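# I need the structure of the sequence given here:
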Amino acid sequence: MALRGSLRAGRALLRAPGPPARGLCGRVSPEQVILSHSPLQLFSQFHQRCMLVAGQGPVEENAHNLGFKHVVTIEALRKAYPLLDMVDLSRRPKELPPPPPTGFPTIEGVILFGEPVRWETSLQLIADVLLSNGNPGAELQDVPYPHLPILACNMDLLWMAEAKMPRFGHGTFLLCLESIYKKVTGKELKYEALIGKPSPVTYRYAQYLIQQQAERQGWKAPIRRLYAVGDNPMSDIYGANLYNNYLKSAQQNQVQAGLKRSPQAASAQAEVSLDLRNDCKNSVESCESILVCTGVYRPDSTAPKETEETVFHGHRDFCFDPSLVQASHIVQDVDEAVQLAFKKENWS
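Numbers count the residues shown, from 1 in each chain. Okay, here's the model as predicted:
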């Protein structure tokens with residue numbers, strides 16, 4: 001059984017060193033873990049470009065492990081262009097710095113792994129890169145549009161930590177970037193792809209790896225059902241149900257089901273999904289969502305009814321359907337979720 005994972009801000013390596021971990025279902029190898037950024041391996045058309053990477057943790061190493069050959073971090077860009085980062089007075093240059101080093105590469109795209117530590121620095125420098133077409137030291141002329149391609153991972157607006165209330169997630173950072181870009185340029189920020197829950201690309205990639213694992217284990221019976229377990233109705237459950245709709249509609253050649261009908265939202269997602277469909281056996285018929293009560297969701301809170309209006313915490317490029325946040329099953333924790341799946345599959 002393959003496991004899906006999403007670690008905050010891409011802080012974990014794609015393939016962590018050391019022996020396999022032990023989970024509820026036995027030993028778990030790195031090949032059975034999907035992080036929010038794992039599907040970026042599919043976007044080979046960008047692997048040879050010079051990409052600016054933002055987030056925290058080993059983002060440069062993660063990018064290389066995903067296949068990207070030429071990577072520039074926010075910190076490297078800030079050091080090359082110290083006059084761009086002006087919010088923190090203590091970090092402003094005390095005297096006029098030398099010009100940027102010769103041969104500093106032109107940025108050709110942006111990868112947003114997760115929320116950074118210094119939001120003001122990342123927001124400013126990413127905006128500079130987009131407005132300058134990858135040459136942030138240049139004087140601003142006409143604003144290039146469409147702007148450089150952006151690949152964004154991990155869209156959760158909020159996430160649950162030790163605090164009593166949810167914390168800001170990368171979705172909040174994306175909202176800030178979108179708002180700033182729209183206010184400055186009058187145009188919508190567009191994404192080449194949105195990766196991570198609830199994107200169908202991520203669930204399709206999970207299906208692909210699950211079927212790979214089944215083949216390696218020598219399982220002959222086709223996989224008919226997937227089970228997606230999560231604690232956040234607006235991302236985990238929404239994404240699982242959206243993918244279930246995708247599975248149903250894919251049989252009718254409607255691969256963009258559930259996505260807002262706009263070019264920035266649908267085209268890249270559908271294209272990757274179609275590529276994966278060519279690589280996967282199409283035996284999977286459904287994806288059941290299982291909501292656990294150990295995170296964002298609290299059973300004592302009132303779940304939104306399909307007929308009620310509610311605040312949508314999902315990303316701008318995904319339309320809200322109240323039925324998509326209604327879980328197929330609600331259990332206490334992951335252990336109960338696994339036992340439920342075993343029972344439904346008649347596994348002892």
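# state the distance from Met234 to Gln326.
Here Met234 is placed at a distance of 12 Å from Gln326 (Cβ to Cβ, to the nearest Å). C-beta: built from backbone N, CA, C; applies to glycine.
# the two: who's more crowded?
Taking other Cβ atoms under 10 Å, Met234 and Gln326 do not tie; Met234 has more neighbours (28 against 18).
# you'd agree that one is in a helix?
Yes: Met234 forms part of a helix when assessed by DSSP: H, G, I helix; E, B strand; the rest coil.
# quick check, pLDDT for it.
pLDDT, Met234: 82.
# so who does it touch?
Counting by Cβ atoms under 8 Å, 6 or more residues apart in numbering, Met234 touches Asp156, Leu157, Pro198, Val296, Phe312, His313, Gly314, Val325.
# do that again at 10 Å, thanks
The contact partners of Met234, by Cβ atoms under 10 Å, 6 or more residues apart in numbering, come to 155-158, 171, 197-198, 296-297, 304, 310-315, 318, 320, 324-325.
# return a ChimeraX selection command for the buried portion of the residues you listed.
Buried members of these, defined by 16 or more other Cβ atoms under 10 Å, are picked up in ChimeraX with:
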select :155,156,157,158,171,197,198,296,297,304,312,313,314,315,318,324,325
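# okay, and the residue nearest to Pro136 when sequence neighbours are not counted sits in which element?
In this structure, Pro136 finds its nearest non-sequential neighbour in Asp128, 4.0 Å apart by Cβ to Cβ, 6 or more residues apart in numbering. Element membership for Asp128, per DSSP states H and E: helix 119-131.
# which parts of this structure are helices?
Applying DSSP state H to the chain gives helices spanning 59-65, 74-80, 119-131, 170-185, 200-216, 238-250, 263-279, 334-344.
# helices or strands next to the fifth one in the packing?
Identification of packing neighbours for helix 200-216 by 3 or more Cβ pairs under 10 Å, 6 or more residues apart in numbering; DSSP states H and E yields strand 3-4, strand 33-34, strand 193-195, strand 225-230, helix 238-250, helix 263-279, strand 286-292.
# give me that answer again for 8 Å
Contacting helix 200-216 under the criterion 3 or more Cβ pairs under 8 Å, 6 or more residues apart in numbering; DSSP states H and E are the following elements: strand 33-34, strand 193-195, strand 225-230, helix 238-250, helix 263-279.
# in it, what counts as buried?
Neighbour counts using 16+ other Cβ under 10 Å place 200-211, 213-214 of helix 200-216 among the buried residues.
# how about the last one?
Applying a neighbour-count criterion of 16+ other Cβ under 10 Å, the buried positions in helix 334-344 are Val334, Glu336, Ala337, Val338, Leu340, Ala341.
# test my guess that Asp317 contacts Tyr191.
Yes: contact criterion Cβ atoms under 8 Å: Asp317 and Tyr191 qualify, at 6.8 Å.
# now the phi/psi pair for the closest residue to Val129 other than its chain neighbours, please.
Computed as Cβ to Cβ, 6+ apart, the closest residue to Val129 that is not its neighbour in sequence is Ile107, at 5.0 Å. For Ile107, the backbone dihedrals are phi -70, psi 130 (criterion: degrees, to the nearest 10).
# okay, now Ile107: neighbour count?
By the criterion of other Cβ under 10 Å, Ile107 has 24 neighbours.
# just name the closest of the buried residues of helix 200-216 to Ser29, please.
Gln213 (9.0 Å; Cβ to Cβ).
# how near is the residue nearest to Pro136 to Arg78?
Asp128 is 10 Å from Arg78, where distance means Cβ to Cβ.
# next: His329.
47 Å.
# who has more neighbours, the two?
Per other Cβ under 10 Å, whichever of His329 and Arg78 has more neighbours is Arg78, with 19 against 16.
# mind listing what the residue nearest to that one when sequence neighbours are not counted touches?
If the residues on either side of it in the chain are set aside, Arg78 comes closest to Asp85, at 5.0 Å by Cβ to Cβ, 6+ apart. Contact analysis of Asp85 by Cβ under 8 Å, 6+ apart lists Arg78, Arg91, Arg92, Thr121, Gln124, Leu125.
# I'd guessed the third one sits against Arg78; true?
Okay, so that is Arg92. No: using Cβ under 8 Å, Arg92 is not in contact with Arg78; the gap is 11.5 Å.
# which neighbours do Asp128 and Arg78 share?
Here Asp128 and Arg78 share the contacting residues Leu84, scored by Cβ under 8 Å, 6+ apart.
# which residues touch the residue nearest to His329 when sequence neighbours are not counted?
Using Cβ to Cβ, 6+ apart and skipping the chain neighbours, the partner closest in space to His329 is Ile290 (4.7 Å). Residues in contact with Ile290 (Cβ under 8 Å, 6+ apart) are Tyr227, Ala228, Val229, Gly230, Ala327, Ser328, His329, Ile330, Val331, Ala337, Leu340, Ala341.
# which one of these is nearest Lys164?
Gly230 (20.3 Å).
# could you measure the closest one against Asn244, distance?
From Gly230 to Asn244 the distance is 14 Å (Cβ to Cβ).
# spit out the residues that contact those two alike.
Joint contacts of Gly230 and Asn244 (Cβ under 8 Å, 6+ apart) are Ser289.
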